[in-house]
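Participant: sequence first, then the predicted structure, then my questions.
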Amino acid sequence: MHQITEAHARELAKQAQRKEDLRAAIESDLVGVHRILFEAGCGHGHWLTDFAEANPETLCVGIDLISWRIRKGNDKKAKRGLKNLHFYKAELGEFLEVLPKSISFERTVLLFPDPWPKARHHRRRMVQPGFLSEVAGRTDRGGEFCFRSDDRPYYDWTVECLNEHAEWQVDESAPWPYESETYFQSLMDEFFSVVAKRI
Ligand SMILES: C[S@@+](CC[C@H](N)C(=O)[O-])C[C@H]1O[C@@H](n2cnc3c(N)ncnc32)[C@H](O)[C@@H]1O
């Protein structure tokens, strides 16, 4: 019979508690919310804070794995008194698991996600066919998936995944939704952007 070690059992308990805490925070913040703009890997929250301030009618949600980056995002939110913005320290897969299915995405944004350049690490990239399907399942027709990276191979991979996906269509004529330089964008000389529409 398969036995789990004590360390593994502790890790599973921590994960369950983490998801429970995240679920409770989301349920209290997002009461009555049905549509959001979602940013995965929001870092310090530069882009999302600016976007939320310029678009007060849009409920914006950003997640990141790193606590201190989320704290910086929350500081920006507090300074500007934004009520339409929430940041969560969360891993992408866990966030999507916990987010109520009744909440859909009008737009999903990934800005300068970690490229994981080595082929054996590609499965750690946030963009994966399964992720695109999950986002498509939460996005109405016409909704957008917006991706920007300085890493050409990651950009090409994303365009390829989108082109192969039955529910997304790259829209070369679609404007970038909102320009505001992120921390990582400020470090890069060049970058590549793609917008896809849910079909
Ligand atoms: C290179 S930084 C870019 C941050 C920000 N978007 C910017 O442009 O300044 C990538 C961010 O994605 C976050 N990240 C990577 N994998 C993640 C995952 N699976 N779930 C949530 N956040 C993730 C990292 O913690 C990091 O802050």
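Facilitator: That came in fine, so what should we check first?
Participant: residue nearest the centroid of this protein?
Facilitator: By Cα atoms, centre = their mean, the mean C-alpha position of the chain lies nearest to residue 40, the distance being 1.5 Å.
Participant: pretty sure that residue is touching residue 110, no?
Facilitator: Yes. Using Cβ atoms under 8 Å, residue 40 is in contact with residue 110, at 5.4 Å. Just so you know, the C-beta spots here come from the backbone N, C-alpha and C atoms, and that holds for glycine as well.
Participant: any residues in contact with both of those two?
Facilitator: By the contact definition Cβ atoms under 8 Å, 6 or more residues apart in numbering, residue 40 and residue 110 are jointly contacted by residue 126.
Participant: who in the protein is up against the ligand?
Facilitator: Contact residues (Cβ under 6 Å from any ligand atom) of the chain with the ligand: 40-43, 63-66, 69, 91-92, 111-114, 126, 182-185.
Participant: which ones among those residues map onto helices?
Facilitator: Using DSSP state H, the subset of the residues of the chain next to the ligand located in helices is 69, 92, 183-185.
Participant: got any ranges where this structure has weak pLDDT?
Facilitator: Applying pLDDT under 70 to the chain flags residues 1-2.
Participant: select the longest strand from it.
Facilitator: strand 139-149 (DSSP state E).
Participant: this structure: helices as residue ranges?
Facilitator: Assigned by DSSP H, the chain shows helices spanning 6-29, 46-54, 67-80, 92-98, 129-137, 152-164, 183-186.
Participant: and the shortest one, which residues are buried?
Facilitator: Within helix 183-186, the residues that qualify as buried by neighbour count (16 or more other Cβ atoms under 10 Å) are 184-185.
Participant: repeat that for the fourth one.
Facilitator: Within helix 92-98, the residues that qualify as buried are 92, 94-96, 98, counting by 16+ other Cβ under 10 Å.
Participant: returning to what we had before: buried among the residues of the chain next to the ligand? Make that a PyMOL selection.
Facilitator: To isolate the buried subset of those in PyMOL, counting by 16+ other Cβ under 10 Å, use the following:
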select buried, resi 40+41+42+43+63+64+69+91+92+111+112+113+126+182+184+185
